[in-house]
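Trainee: quick one: sequence plus predicted model below, questions after.
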There are 4 protein chains.
Amino acid sequence: MENFKIADKEFKSRLFTGTGKFKNSQLMKEALEASESELATVALKRVDAGDAHDQILTHLNHDRISLLPNTSGVRTAKEAVFAAQLAREALETNWIKLEIHPDPKYLMPDPIETLKATEELAKLGFIVLPYIHADPVLCKRLEDAGTSAVMPLGSPIGSNKGLKTIDFLEIIIEQANVPVVVDAGIGAPSDAAKAMELGADACLVNTAIAVSDNPVQMAIAFKMAIEAGRMAYEAKLASPVNNAIASSPLLTAFLDEL
Amino acid sequence: MENFKIADKEFKSRLFTGTGKFKNSQLMKEALEASESELATVALKRVDAGDAHDQILTHLNHDRISLLPNTSGVRTAKEAVFAAQLAREALETNWIKLEIHPDPKYLMPDPIETLKATEELAKLGFIVLPYIHADPVLCKRLEDAGTSAVMPLGSPIGSNKGLKTIDFLEIIIEQANVPVVVDAGIGAPSDAAKAMELGADACLVNTAIAVSDNPVQMAIAFKMAIEAGRMAYEAKLASPVNNAIASSPLLTAFLDEL
Amino acid sequence: MENFKIADKEFKSRLFTGTGKFKNSQLMKEALEASESELATVALKRVDAGDAHDQILTHLNHDRISLLPNTSGVRTAKEAVFAAQLAREALETNWIKLEIHPDPKYLMPDPIETLKATEELAKLGFIVLPYIHADPVLCKRLEDAGTSAVMPLGSPIGSNKGLKTIDFLEIIIEQANVPVVVDAGIGAPSDAAKAMELGADACLVNTAIAVSDNPVQMAIAFKMAIEAGRMAYEAKLASPVNNAIASSPLLTAFLDEL
Amino acid sequence: MENFKIADKEFKSRLFTGTGKFKNSQLMKEALEASESELATVALKRVDAGDAHDQILTHLNHDRISLLPNTSGVRTAKEAVFAAQLAREALETNWIKLEIHPDPKYLMPDPIETLKATEELAKLGFIVLPYIHADPVLCKRLEDAGTSAVMPLGSPIGSNKGLKTIDFLEIIIEQANVPVVVDAGIGAPSDAAKAMELGADACLVNTAIAVSDNPVQMAIAFKMAIEAGRMAYEAKLASPVNNAIASSPLLTAFLDEL
């Protein structure tokens, strides 16, 4: 399985994770370690730069896993840029996951503000990973604006509905010049495997791991499913056909000869 | 991950494989070894009991992988019973995968002949694994007839269409007292993972591995996807919800306070 | 729109209806009239041959709509044959909708008993319309047994889940020599239209009409959707394509010339 | 069936049509008349204001059907505004269907330029109907910008793939304060019926009618399917359930009593 790069950072693991919704920090730490993820998103609000004992910062092994602050909860490009700057200061990283979702019910991202924020943040030297609807044209415009990756959704955040945007993810992947990370809605390892089989570069999974009865085991399951999907993509899957095609030679002729 | 049993045989691997459609026997051998599968189906016609150099028999390590002869190509219960007896003699196994599909185009199984053959073969001491449509009532009748497992299809054999029978597989799995092995149509690791997430006991995959550009890598991908799906099933997946639910605490309140 | 025939009876309407689950008989009567259906299934248990005031019998205009007694609730071929004979006597019709579903939870039909009952009833001169899973091989065997139509399900009875068996309905329709009536699970006019677009000869709809807030309006909606689907089938639908194809000539060249 | 309004124009028909791709103008005229559509989109390029004999203008009965010029082929807001002004002059209408799709392969719309053009055109007094991806947040922003309706896509233009955006159309419909017209990708009457069942106000259908073997019959089929879907929406559809629920009382008890 090939490694892949976002900006100048190389990743072995194609599973990006999140730090929200776990029952406690210890469980979060164990699940993230088991996942072998090298990038975990963290809500800016959970980070308190002045508090040396912040749980997320202290619990994770920062040699292995990098933090990707997100702007969850901002409603405009202006708020997002401000949040990104806070995050850079607090976490000493210029990576930012841009999430601008003004609607509190479905948390669907705002394409206009997201593009505007990406333009500004890229100019300010940020590595921008914007969370977006599976919108192929927006992806191209984000590329022009200097995005380092695109993060189209499978379905609304936390819905566990899986990949409801396959037809559009396929177009995005076909046309992308930056890595495509499928984000949001991935509810099961089979969803993540499917995203990888389509040719996505990585998946971000949070809720489905965090709220499981056994987050550590679920983290491993996602890790394996993502590797499986990627390996299948590299080994090339056969296309569906309309007729059945026997995998075993038919015995008919043999029986006829008897 | 729990082991599971069919009849008195215990399996670590939940991936059953097939021996058809590979470019050559060497590739078949390597892929099956990589898959860690412990049961591989083989068409009776390919077995020649009198020929010591039969490729399948000699190529596989029989300590690790058992052969499951199938009756592919028979059209009636009578032919199936005859074929099973030939297979028992040739391969020294009383396990038989029952495939009765009179229609040469879609190879859909015949429920009537399959039940009849299962009854007879069970009486004759066979361990019967019948290939069937995803028919919940037929599954119960096969149990009554002494089947050792049921093998409902995802979609027509060799079609790579994936799981087109999910609603019925769910009923079968809910009601089954014997292992449920999803067979036929599984075109990608994500399909196999999904079957396992539904609670199937195992999957049989042949075409998707054999016709891939890289059967060894594809075999490993299926192995991992099936383990991932099973682990997710055991760790329990969350249900889809209609609203989005933020995995990150929203920054809104925080920004409002500024 | 062409008429179609089952046995020697010609139908203008391709919507078959049911008489169950309506709030009252008056509403049932009005909905069935609005539907313009010419065949309505009725549970044998609701028919009391000796009672001149039986609601269903007296409420429907028998010049326009024929009754199709069904065997809902029988569990074996023997019970079904007995029920069909009762129905013939009570309703003076040799048409019978065969429903044999031993499982009380999902009411999935029994393929074995259904075939057996069809054989016997056909010999006894009945016009048999068996309710079955969407099983292509069973359909062929029912044809051999003398069935007058096949009634494959879209999804479990009363589930309103729509067409979960499309891949198998397509095979059934392709191979059928008797009319194909999609029965069970049709939850919305769009489902019925889709079944007709696939080439089904008719649909049976009961629950979705009966439990609607406005059964009369819903009956008309189904009537129209079924006609629409059939007309589209006859006028031939275009296949899906992978690229977009502009329906309007693009203005680009024009603008370039300015 | 209720009428509905866009801006100050009241519509009886919820089927909007297009004028492209028909074999000839006579067939187009007949199909549009049969459809009973009251609004037909026309590409600006096909309109030649100086030519009194322009086929589209002369063939349609303008008492019954209004023309909705579209900007198909423009790539920016600036081009779109210019095109809209040309159209206003040529066709004496301030209605404009905004289509800005820079990508020639999939013709997916550009959210940024579409919003910008909507703002400008609304200020210039146009009744703007923008073609967009099924993006709930963009819909809200278009409302703020003064759009008169939103036209989210089902799937790429001309693809006939049907409704690949159901999960997002549902959110759009739930949140909309302007009419929602599902546009693009509708390949069959069942797709249009489904869109109406979801609560869309109207559908625009062009390719599926124009390229059919019998455009007149197909136009009638879409007309009926759309009415059926709307009537079902108004009469309220039942939700899917997981168990089967018999529509006929079961005969079991009755037989047990014998």
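Mentor: Good, I have the coordinates.
Trainee: what segments of chain A are strands?
Mentor: Ranges of strands in chain A, per DSSP state E, are A:4-6, A:9-11, A:15-18, A:39-43, A:66-70, A:95-98, A:127-132, A:151-152, A:181-183, A:202-205.
Trainee: chain D: which of these is closest?
Mentor: strand A:127-132 (9.4 Å; C-beta to the nearest C-beta). In this view, the C-beta of every residue, glycine as well, is placed from N, C-alpha and C.
Trainee: that closest one and chain D, any residue contact?
Mentor: No: for strand A:127-132, no contact with chain D is found by C-beta under 8 Å from any C-beta of the partner chain; the gap never falls below 9.4 Å.
Trainee: that strand pairs with which strands, and in what direction?
Mentor: The pairing partners recorded for strand A:127-132 under DSSP bridges are strand A:95-98 (parallel), strand A:151-152 (parallel).
Trainee: quick revisit: and the strands of chain A as JSON lines, adding mean pLDDT, mean neighbour count and distance to A:Asp110?
Mentor: Formatted as JSON lines, those follow (pLDDT from 0 to 100; neighbours: other C-beta atoms under 10 Å in any protein chain shown; distance: least, C-beta to C-beta, whole Å):
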{"stretch": "strand A:4-6", "mean pLDDT": "94", "mean neighbour count": "16", "distance to A:Asp110": "23"}
{"stretch": "strand A:9-11", "mean pLDDT": "95", "mean neighbour count": "14", "distance to A:Asp110": "27"}
{"stretch": "strand A:15-18", "mean pLDDT": "96", "mean neighbour count": "28", "distance to A:Asp110": "20"}
{"stretch": "strand A:39-43", "mean pLDDT": "92", "mean neighbour count": "24", "distance to A:Asp110": "18"}
{"stretch": "strand A:66-70", "mean pLDDT": "93", "mean neighbour count": "23", "distance to A:Asp110": "15"}
{"stretch": "strand A:95-98", "mean pLDDT": "97", "mean neighbour count": "28", "distance to A:Asp110": "10"}
{"stretch": "strand A:127-132", "mean pLDDT": "98", "mean neighbour count": "27", "distance to A:Asp110": "9"}
{"stretch": "strand A:151-152", "mean pLDDT": "98", "mean neighbour count": "27", "distance to A:Asp110": "14"}
{"stretch": "strand A:181-183", "mean pLDDT": "96", "mean neighbour count": "28", "distance to A:Asp110": "15"}
{"stretch": "strand A:202-205", "mean pLDDT": "96", "mean neighbour count": "29", "distance to A:Asp110": "19"}
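Trainee: so can I have TSV of these showing distance to C:Ser66?
Mentor: Putting these into TSV (distance: least, C-beta to C-beta, whole Å) gives the following:
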stretch	distance to C:Ser66
strand A:4-6	66
strand A:9-11	68
strand A:15-18	61
strand A:39-43	64
strand A:66-70	64
strand A:95-98	65
strand A:127-132	57
strand A:151-152	54
strand A:181-183	54
strand A:202-205	56
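Trainee: so which of these gets nearest C:Leu142?
Mentor: strand A:181-183 (45.2 Å; C-beta to C-beta).
Trainee: now for that closest one, which elements pack on it?
Mentor: Using 3 or more C-beta pairs under 8 Å, 6 or more residues apart in numbering or on different chains; DSSP states H and E, the elements in contact with strand A:181-183 are strand A:151-152, strand A:202-205.
Trainee: between the ones you listed, which one is closest to B:Ile112.
Mentor: That would be strand A:202-205 among those, by C-beta to C-beta, at 45.0 Å.
Trainee: follow-up on the earlier one: looking at the strands of chain A, which is nearest to C:Ala145?
Mentor: Smallest distance to C:Ala145 across the strands of chain A (C-beta to C-beta): 50.2 Å, for strand A:181-183.
Trainee: contacts for the closest one, please.
Mentor: Outside strand A:181-183, the residues within contact range by C-beta atoms under 8 Å, 6 or more residues apart in numbering or on different chains are A:16, A:129, A:131, A:149-154, A:163, A:169, A:192, A:195, A:200-204.
Trainee: now do that strand: distance to the chain's middle.
Mentor: Computed by C-alpha atoms, centre = their mean, to the nearest Å, the chain-centroid distance of strand A:181-183 equals 3 Å.
Trainee: go on, stretch A:197-204?
Mentor: Relative to its chain's centre, stretch A:197-204 lies at 8 Å (C-alpha atoms, centre = their mean).
Trainee: near chain B, anything from it?
Mentor: Yes: against chain B, stretch A:197-204 shows contacts by C-beta under 8 Å from any C-beta at A:Glu197.
Trainee: please put the alpha-carbon coordinates of that stretch into PDB.
Mentor: What follows is stretch A:197-204, C-alpha atoms only, in PDB (Å, rounded to 0.1, in the frame of the first residue of the first chain):
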ATOM      1  CA  GLU A 197     -12.300   1.500  -3.300                       C
ATOM      2  CA  LEU A 198     -13.600   4.500  -5.200                       C
ATOM      3  CA  GLY A 199     -10.100   5.900  -5.000                       C
ATOM      4  CA  ALA A 200     -10.300   8.300  -2.100                       C
ATOM      5  CA  ASP A 201      -7.000   9.000  -0.500                       C
ATOM      6  CA  ALA A 202      -8.200   8.800   3.100                       C
ATOM      7  CA  CYS A 203     -11.200   8.800   5.400                       C
ATOM      8  CA  LEU A 204     -11.900  10.700   8.600                       C
END
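Trainee: burial measure for A:Pro111, as a count.
Mentor: Other residues lying near A:Pro111 total 28 when counted by other C-beta atoms under 10 Å in any protein chain shown.
Trainee: quick check, it in contact with D:Asp135.
Mentor: Yes: using C-beta atoms under 8 Å, A:Pro111 is in contact with D:Asp135, at 6.3 Å.
Trainee: which neighbours do the two share?
Mentor: Common contacts of A:Pro111 and D:Asp135 (C-beta under 8 Å, 6+ apart): A:His133, A:Asp135, D:Pro111.
Trainee: for chain C, state which of those residues is nearest.
Mentor: Nearest to chain C among those, with distances taken as C-beta to the nearest C-beta, is A:Asp135, at 14.5 Å.
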